[in-house]
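Here is a sequence together with a model predicted from it:
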Amino acid sequence: MTTPTRAAVDVVVVGSGSGGKMVAQQLAGAGRRVVLVERGYVGGFCPFLACVPAKSLLLSARAELSWVAARAVRDEAASHRDDSGAAAQLSGDGVEVVRGSATRVAPGVVEVDLHSGGHRVVEAAHVVVGTGSASVRPPLPGLDGAATWTSEEALSAADLPDRLVVLGGGPVAVELAQAYRGLGSEVTLVQRGPHLLSREPSWVGGVLADALTADGVDVRTGDPAVEVVDGGLRLESGAVLGFDRLLLATGRAPVTGGFGFPDDWLTEAGALRTDARCRVVGDDGPVEGLFAVGDVTGVSDYTHTANHQARTVVAELLGRGRDADYSAIPRAVYTDPTVFCVGATSGARSARFEVRQVERADLVELSRRREVTGAVELFVDDAGVLVGAACVGPDADSWGAELALAVRARLDVDLLWHHVRAFPTWSEAIFPALEELHGASAP
Ligand SMILES: Cc1cc2nc3c(=O)[nH]c(=O)nc-3n(C[C@H](O)[C@H](O)[C@H](O)COP(=O)(O)OP(=O)(O)OC[C@H]3O[C@@H](n4cnc5c(N)ncnc54)[C@H](O)[C@@H]3O)c2cc1C
Ligand SMILES: NC(=O)c1ccc[n+]([C@@H]2O[C@H](COP(=O)([O-])OP(=O)(O)OC[C@H]3O[C@@H](n4cnc5c(N)ncnc54)[C@H](O)[C@@H]3O)[C@@H](O)[C@H]2O)c1
């Protein structure tokens with residue numbers, strides 16, 4: 001039996017994903033004594049099993065690479081799922097990396113089952129929880145024993161399935177459906193709701209469904225899966241979709257179980273409740289010395305959200321605290337065409353226009369393999385302030401970014417309409433919607 005060891009440090013971070021890693025690195029850089037506990041990959045999901053390999057497969061599919069070549073590029077981009085470089089970098093930055101599974105997380109103390117054997121108790125003035133999220137397995141009869149994938153498996157697989165059925169219609173489902181179709185699988189996507197990307201305006205899902213259909217994906221919306229039968233997925237309509245792999249892309253849930261968190265620290269969805277300084281809060285207010293960052297907070301599952309929260313925690317612990325602001329978190333989906341949404345995209349006055357810039361299209365069409373598809377919808381409040389935007393089109397993740405800043409800065413459409421955008425850039429696609437909204441609010 002191993003005797004537990006104790007260590008008093010300034011900060012212990014649990015989970016080394018996008019948020020936790022940044023907190024650890026920056027606080028160690030500022031001279032704090034930091035311990036980082038990780039049970040899986042040091043660096044978390046994004047570089048090894050999520051963002052990076054997903055984007056790599058999408059780009060390879062677009063470049064019409066073979067599966068073998070795309071797999072090699074993906075594995076290279078994901079460092080062959082070898083986290084030793086990330087761990088060495090953290091150690092070099094002065095962070096003590098502890099490989100093991102945290103079993104109790106409480107203010108001032110984290111207990112860890114070490115991978116090397118034994119148990120360690122780390123005491124710290126501040127504890128930061130960044131344990132991320134895990135994919136949700138839908139309660140579908142017959143699923144046990146079926147050849148299923150989570151996104152992690154889809155992004156590290158050695159073999160290309162001949163027939164892939166994708167269950168879900170969110171960012172994971174649409175990105176992986178397009179990637180696998182482009183790389184040669186026969187792909188059917190089953191979304192139980194009426195349109196893809198159910199949190200965005202229905203036309204966004206419609207444009208994406210058209211693009212996926214043009215790629216050869218069989219898109220089924222509004223026909224929920226009811227059970228897995230022998231080698232196939234049966235839908236409510238009675239259709240049975242045969243598959244070699246069934247990709248479960250039906251959402252993710254925060255990892256908060258087993259740490260001993262009291263119920264009042266958790267939201268209904270099981271995320272850690274946090275305030276604007278990313279302090280964990282219970283019914284009696286902020287819990288002294290306990291912070292949370294990333295997917296575990298349930299704020300929005302993006303690397304940039306985790307990073308924003310990490311910066312907020314670091315600033316707070318270094319005595320220059322500033323509230324996190326979630327009013328303009330970009331929601332990008334890296335399909336072709338790309339989707340970029342921000343702020344409120346329903347319930348406000350809006351104007352929508354197709355992305356049709358003849359001059360711009362003439363210049364770039366030569367290098368593009370498909371017709372330009374897309375549209376922009378801008379949402380304003382009663383005072384004419386931009387509160388949200390939905391953009392679909394080539395490189396929308398880049399040219400939409402100005403709208404995220406505009407939402408955050410609460411700019412009004414008049415100023416945005418007067419703003420000069422470079423010709424010929426896709427950002428000019430914003431003008432028609434601004435023109436209409438400006439015209440409506442002009443004296
Ligand atoms: C397929 C896919 C594609 C995505 N693409 C994008 C994208 O393009 N852009 C984007 O912004 N976001 C994307 N995301 C979302 C993004 O990956 C997450 O929002 C981000 O990784 C969250 O970071 P995090 O800090 O919450 O930590 P995570 O990356 O979730 O890491 C949490 C870490 O905590 C560790 N951990 C958990 N429990 C314990 C424990 N008990 N003890 C020790 N360690 C523990 C885990 O092992 C893990 O390494 C994508 C997600 C998926 C699934
Ligand atoms: N480009 C990016 O930044 C990117 C890419 C991938 C994932 N992510 C993040 O990861 C998070 C998780 O993504 P996700 O797509 O897994 O989840 P999600 O919650 O966004 O979408 C899940 C979808 O599955 C559908 N669904 C649920 N149960 C179903 C069932 N039984 N049958 C058919 N459809 C069903 C839902 O209607 C929903 O549309 C996202 O919220 C996003 O923040 C980001």
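Ah, there it is. Ligands and ions are numbered 1, 2, ... in the order given.

Could you list the contact residues of this protein toward ligand 1?
Within reach of ligand 1 by Cβ under 6 Å from any ligand atom, the chain has these residues: 14-20, 37-41, 44-46, 50-51, 54-55, 101-102, 130-133, 151, 172, 255, 293-296, 301-304, 306, 334. For every residue, glycine as well, the C-beta is placed using N, CA and C.

Which residues are in contact with the residue of the stretch 201-350 of the chain found nearest ligand 1?
Nearest to ligand 1 in the stretch 201-350 of the chain, going by Cβ to the nearest ligand atom, is Gly294, at a distance of 2.3 Å. Shown in contact with Gly294 (Cβ atoms under 8 Å, 6 or more residues apart in numbering): Gly15, Gly17, Ser18, Gly19, Gly20, Gly130, Thr131, Gly132, Thr305, Ala306, Gln309, Ala310.

Looking at this protein, which residue is nearest ligand 2?
Counting by Cβ to the nearest ligand atom, the chain gets nearest to ligand 2 through Gly170 (2.2 Å).

Make sure that residue is actually in contact with His195.
No: using Cβ atoms under 8 Å, Gly170 is not in contact with His195, being 11.4 Å away.

Near Cys341, how many residues? Count them for me, please.
Neighbours of Cys341 under the rule other Cβ atoms under 10 Å: 26.

Go ahead and confirm it touches Gly388.
Yes: assessed by Cβ under 8 Å, Cys341 is found in contact with Gly388 at 7.5 Å.

so where is the stretch 301-443 of the chain shaky, pLDDT-wise?
Counting by pLDDT under 70, the stretch 301-443 of the chain shows low-confidence ranges at 355-372, 440-443.

Around ligand 2, pick out the residues from it.
The stretch 301-443 of the chain comes close to ligand 2 at residues Asp301, Tyr302, Ala332, Val333, Tyr334, as judged by Cβ under 6 Å from any ligand atom.

ok, 8 Å please
Asp301, Tyr302, Thr303, Arg331, Ala332, Val333, Tyr334 (Cβ under 8 Å from any ligand atom).

surely Ser237 meets Ala225?
No: using Cβ under 8 Å, Ser237 makes no contact with Ala225, being 10.5 Å away.

For these two, indicate the residue with more neighbours.
Ala225 (24 against 11).

Bridge partners for the more buried one, pull those for me.
Applying DSSP bridges to Ala225 yields these beta-bridge partners: Leu235.

my read: it touches Leu140, true?
Yes: the pair Ala225 / Leu140 is scored as a contact, 6.1 Å apart, by Cβ under 8 Å.

that older thread, pLDDT value on the residue of the stretch 201-350 of the chain closest to ligand 1, please?
Note for Gly294: predicted pLDDT of 98.

what's the answer for the one 3 residues further on, then?
The per-residue pLDDT reported for Thr297 equals 98.

The residue of the chain closest to ligand 2 and Gln26, how far apart?
31 Å (Cβ to Cβ, to the nearest Å).

I'd guessed Ala344 sits against Leu386; true?
No: the pair Ala344 / Leu386 is not scored as a contact, 9.9 Å apart, by Cβ under 8 Å.

Contacts only, for the residue of the chain closest to ligand 2.
Counting by Cβ under 8 Å, 6+ apart, Gly170 has contacts Leu197, Ser198, Ala249, Gly251.

of those residues, list those near ligand 2.
Intersecting these with the surroundings of ligand 2, defined as Cβ under 8 Å from any ligand atom, gives Leu197, Ser198, Ala249, Gly251.

Let me have the residues you listed in JSON lines, adding pLDDT as columns.
JSON lines is the format used below for the ones next to ligand 2 among the contacts of Gly170 (pLDDT from 0 to 100):
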{"residue": "Leu197", "pLDDT": "98"}
{"residue": "Ser198", "pLDDT": "95"}
{"residue": "Ala249", "pLDDT": "98"}
{"residue": "Gly251", "pLDDT": "97"}
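
can you give me the strands in the stretch 301-443 of the chain?
Using DSSP state E, counting those that start in this stretch, the strands assigned to the stretch 301-443 of the chain run over residues 331-333, 338-343, 349-354, 375-380, 386-393.

name the helices or strands packed onto the first one?
The contact analysis (3 or more Cβ pairs under 8 Å, 6 or more residues apart in numbering; DSSP states H and E) places strand 331-333 against helix 171-182, strand 338-343.

Next: the second one.
In terms of contact count using 3+ Cβ pairs under 8 Å, 6+ apart, strand 338-343 is assigned the packing partners helix 202-215, strand 331-333, strand 386-393, helix 396-399, helix 401-409.

go on, the fourth one?
In this structure, strand 375-380 makes packing contacts with helix 202-215, strand 349-354, strand 386-393, helix 431-441, judged by 3+ Cβ pairs under 8 Å, 6+ apart.

CSV for those, including mean neighbour count and distance to Ala315?
Below are the helices and strands packed on strand 375-380 laid out as CSV (neighbours: other Cβ atoms under 10 Å; distance: least, Cβ to Cβ, whole Å):
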stretch, mean neighbour count, distance to Ala315
helix 202-215, 19, 34
strand 349-354, 17, 35
strand 386-393, 27, 26
helix 431-441, 18, 34
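
and Ala276, which of the ones you listed is closest to it?
strand 386-393 (19.4 Å; Cβ to Cβ).

Can you list the strands that that closest one pairs with?
strand 338-343 (antiparallel), strand 375-380 (antiparallel).

Give me the angle between the last one and helix 202-215.
Spelled out, that is strand 375-380. Using axes from the mean of the first three to the mean of the last three Cα atoms, to 10 degrees, the inter-axis angle of strand 375-380 relative to helix 202-215 is 170 degrees.

what sits up against strand 375-380?
201, 203, 207, 343-346, 348-355, 386-393, 403, 412-413, 429-430, 432-434, 437, 441.
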